[in-house]
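>>> Here is my input, please return the structure:
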Amino acid sequence: MDTVKEPAYRDLVGRAMESGKFELLQVWFASEVLERYRGDPDSRILRTDSAGRLRGPGNWMINFGISQDDAFIHMSAISTTAIPEGHRQHWLDHLVAPPMGNTFIRIVLNPNACIGDGPTRDW
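Numbers count the residues shown, from 1 in each chain. Model (predicted):
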């Protein structure tokens with residue numbers, strides 16, 4: 001995933017920071033996540049150029065944004081709660097993220113852990 005400075009995303013994160021509505025923050029998936037539902041007669045996918053909707057089997061539904069090259073879809077983090085338990089691993093298998101500090105993520109997940117990745121230094 002290439003990183004870009006997107007003004008709309010900056011505005012979204014700014015709104016989340018100001019309001020405390022962090023459920024607005026987005027998560028991204030490779031668009032191949034939708035392949036599972038394309039041939040399913042109990043599912044339906046609708047889309048425009050930049051947004052889509054999946055109605056999955058059992059009538060659950062999520063709305064998502066679409067990257068300009070169709071490679072990724074994204075949705076608010078809170079929207080992922082609509083994905084039924086039996087489908088969550090499939091979605092997690094298609095989750096994508098920008099480059100990040102993996103050690104820091106481990107610290108966030110387990111704040112009491114002693115995790116070192118080198119000496120401290122000036123930036």
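>>> how about residue 55, what does it touch?
Residue 55 makes contacts with 43, 44, 45, 61, as judged by CB atoms under 8 Å, 6 or more residues apart in numbering. All C-beta spots, glycine's among them, are computed from the backbone N, C-alpha and C.
>>> Please identify the helix or strand for the spatially most central residue of the chain.
The centre of the chain sits closest to residue 27, judged by CA atoms, centre = their mean, with a distance of 1.6 Å. Element membership for residue 27, per DSSP states H and E: strand 26-30.
>>> who touches that strand?
Contacts of strand 26-30 (CB under 8 Å, 6+ apart): 1, 9, 12, 65, 71-77, 80, 91, 94-97.
>>> Between the contacts of residue 55, which sits nearest residue 113?
Nearest to residue 113 among the contacts of residue 55 is residue 61, at 37.9 Å by CB to CB.
>>> most neighbours, which of the contacts of residue 55?
Neighbour counts for those, by other CB atoms under 10 Å, peak at residue 43, which reaches 17 neighbours.
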